[in-house]
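# Build me a structure from this.
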Amino acid sequence: MEFRALFGQTPGVYPYIDSNVAIAPERSPFISMRIDVLFTGVGLEDIVAQAGGIQLDGHTFKVLYIKHGLKRSYGEQRQLERQVGAGIRGTAEMRTPDFTFGLLSFEEGWLLGVCRMADPAWQEHKHKPQNYSTGLSAALARSLVNIAVPDPAGIRAIDPCCGMGNVLIEALSMGIDIRGRDLNPLAVKGARENLAYFGYDASSLVTFGDMRDVSDHYDAAILDMPYNLCSVLPQEVKQSMLAGLRGFSDRAVIISTEEIEEDILACGFRIMDYGRAAKGSFIRKIWVCQG
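Numbering: from 1, shown residues only. As a prediction, this is how the structure comes out:
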């Protein structure tokens with residue numbers, strides 16, 4: 001779902017995507033690197049010839065065979081790296097190079113590009129002062145933010161039932177303009193503590209109140225429907241919450257432990273995508289909706 005939102009496609013036979021959309025790889029918990037393609041070729045000799053024109057002016061480099069393409073033995077991978085690296089004018093450095101060039105082979109040919117490794121700093125968000133045992137994980141929250149806001153430029157977003165602020169933290173770390181709200185004063189207190197822990201101005205970002213009273217309009221919303229493992233929301237409450245959401249948001253990602261598709265459609269949303277996130281027997285349903 002996240003890749004469909006970000007790139008308009010999902011991986012095929014090989015676990016990578018060829019796209020003109022260049023996002024920071026650390027935005028997604030499922031992306032380990034981005035390769036900014038420099039050269040393509042039908043045969044390795046094409047890549048070797050073009051790599052000979054790379055002048056690094058004294059900077060260090062290494063060539064890394066990307067394992068997500070055609071499978072090759074360890075020895076073959078190292079040999080290919082040496083062949084390409086031999087023509088690059090710079091200083092080879094295997095441990096901490098200034099540049100890492102990724103070499104990828106597939107049925108149609110080869111490519112060489114600059115590797116942009118994902119910065120794992122967002123994983124520190126797992127260690128918050130406050131959390132619910134059934135709260136969204138940092139990885140899932142981050143992915144949901146990407147689904148809701150694939151292009152953050154000029155977007156105003158809201159998490160109207162923000163709980164302990166897991167979604168807010170991930171969105172803010174990506175530079176997204178987002179606000180949080182919750183009807184539970186303990187959740188508001190916990191969310192503010194968590195946001196302040198990571199250096200955000202919590203008092204201005206999280207407010208106390210019912211989502212059905214939201215008066216401002218937002219481009220996108222992420223709504224994790226409140227739930228209790230021993231009970232469910234009354235039908236009229238679910239319907240009024242979804243109607244309120246439709247009133248203040250053009251696009252929404254809705255998460256629920258219940259099947260609420262009919263309720264979503266009844267409030268005026270169109271369902272654009274659907275998926276599930278399971279943690280053991282605990283399953284969340286996820287709908288991507290457009291007004």
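
# The stretch 151-291 of the chain: strands as residue ranges?
Under the criterion DSSP state E, counting those that start in this stretch, strands of the stretch 151-291 of the chain are mapped to 156-159, 177-182, 206-208, 218-224, 249-256, 270-279, 282-290.

# which helices and strands does the second one pack with?
In terms of contacts (3 or more C-beta pairs under 8 Å, 6 or more residues apart in numbering; DSSP states H and E), strand 177-182 is packed against strand 156-159, helix 166-173, helix 185-197, helix 202-205, strand 206-208. Yep, even glycine has a C-beta here, placed from its N, CA and C like the rest.

# Contacts for stretch 266-280 next, please.
Contacting residues not belonging to stretch 266-280 are listed as 1, 4-5, 137, 140, 147, 239, 242-243, 245-246, 252, 261, 264-265, 283-291 [C-beta atoms under 8 Å, 6 or more residues apart in numbering].

# same thing but 6 Å
Contacts with stretch 266-280, where a contact means C-beta atoms under 6 Å, 6 or more residues apart in numbering, come from 1, 140, 242-243, 246, 283-290.

# Tabulate those residues (a markdown table), appending pLDDT.
Formatted as a markdown table, the contacts of stretch 266-280 follow (pLDDT from 0 to 100):
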| residue | pLDDT |
| --- | --- |
| 1 | 96 |
| 140 | 97 |
| 242 | 97 |
| 243 | 97 |
| 246 | 97 |
| 283 | 92 |
| 284 | 94 |
| 285 | 97 |
| 286 | 98 |
| 287 | 98 |
| 288 | 98 |
| 289 | 98 |
| 290 | 97 |
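
# List only buried entries from those residues.
1, 140, 242, 246, 284-289 (16 or more other C-beta atoms under 10 Å).

# Now for these: which two are most distant?
Comparing all pairs in these by C-beta to C-beta, the longest separation belongs to 140 and 246, at 23.7 Å.

# which parts of stretch 265-279 are buried?
Neighbour-count burial for stretch 265-279 flags 267, 269, 277 (criterion: 16+ other C-beta under 10 Å).

# separation between the second one and residue 216?
To tie it back to what came earlier, the one meant is residue 269. With distances taken as C-beta to C-beta, to the nearest Å, residue 269 is found 19 Å from residue 216.

# and what of the last one?
Plainly put, residue 277 is 29 Å away from residue 216 if you go by C-beta to C-beta.

# can you check the first one too?
For residue 267, the distance to residue 216 equals 19 Å [C-beta to C-beta].

# show me what contacts residue 246?
267-269.

# Let's see the host helix or strand of residue 40 as CSV, backbone CA atoms only.
Assigning secondary structure by DSSP states H and E places residue 40 in strand 33-41. Provided in CSV are the C-alpha atoms of strand 33-41 (Å, rounded to 0.1, in the frame of the first residue of the first chain):
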residue,chain,number,x,y,z
MET,A,33,18.5,2.5,-0.1
ARG,A,34,17.9,4.6,-3.2
ILE,A,35,20.1,4.3,-6.2
ASP,A,36,20.4,7.5,-8.3
VAL,A,37,21.1,6.0,-11.7
LEU,A,38,24.1,7.4,-13.6
PHE,A,39,24.5,4.9,-16.4
THR,A,40,22.7,2.0,-18.0
GLY,A,41,23.9,-0.6,-20.5
